[in-house]
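Visitor: pasting the sequence and the predicted coordinates here, then a few questions.
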Amino acid sequence: QVQLVESGGGLVQPGGSLRLSCAASGFTLAGYAIGWFRQAPGREREGVACITRISSSTVYAESVKGRFAISRDNAKNTVYLQMNSLKPEDTAVYYCATDQTSYGCALRVGPQNDRWGQGTQVTVSS
């Protein structure tokens, strides 16, 4: 079965950390750029971070720059999102998606994102 599965979400206090995982089955993640996105209630889905296919270069939204880090382990067919110094405004459902962009990657949601995971809830609250 071809799918992406996110894990690692949960409830964390402000200032805490979480590491999200995006594992692929049925296909090889190494052939794609990968993006992490999030959607809070009543808001549009927004790009958080992405990592390119070949060079594993990274791009971050300004709101998470310096706090989040995206990485990939092609041997494990998994992409990670390390989230540090979490804030209440980081609360959202987090999704990973494949990105068909040949060079680079995109933080905007678009037709280049052809596979999505089911999402994992991250709640930052005291």
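Guide: Happy to help now that I have it.

Visitor: tell me the SS of the residue most central in space within the chain?
Guide: The residue lying closest to the centre of the chain (Cα atoms, centre = their mean) is Trp36, at 2.1 Å. For Trp36, the assignment made with DSSP: H, G, I helix; E, B strand; the rest coil gives strand.

Visitor: contacts only, for Ile54.
Guide: Residues in contact with Ile54 (Cβ atoms under 8 Å, 6 or more residues apart in numbering) are Tyr103. Using the backbone N, CA and C atoms, a C-beta is placed for each residue, glycine as well.

Visitor: can you check the pLDDT for it?
Guide: On the pLDDT scale, Ile54 is placed at 86.

Visitor: tell me the spacing between it and Gln100.
Guide: Per Cβ to Cβ, to the nearest Å, Ile54 is found 13 Å from Gln100.

Visitor: do Arg108 as well
Guide: Applying Cβ to Cβ to Arg108 and Gln100 gives a distance of 13 Å.

Visitor: which one's more surrounded, the two?
Guide: Shown here are Arg108 and Gln100; by other Cβ atoms under 10 Å, Gln100 has more neighbours (16 against 12).

Visitor: dump the residue contacts of the more buried one.
Guide: Per Cβ under 8 Å, 6+ apart, neighbours of Gln100: Tyr32, Ala33, Pro111, Gln112, Asn113, Asp114.

Visitor: and those, which are buried?
Guide: The neighbour-count criterion (16 or more other Cβ atoms under 10 Å) marks Tyr32, Ala33, Gln112, Asn113 among these as buried.

Visitor: wait, which of those residues is closest to Asn74?
Guide: Tyr32 (10.5 Å; Cβ to Cβ).

Visitor: excluding covalently adjacent residues, which one is nearest to Glu44?
Guide: Nearest non-adjacent residue to Glu44, counting by Cβ to Cβ, 6 or more residues apart in numbering: Val109, 8.0 Å away.
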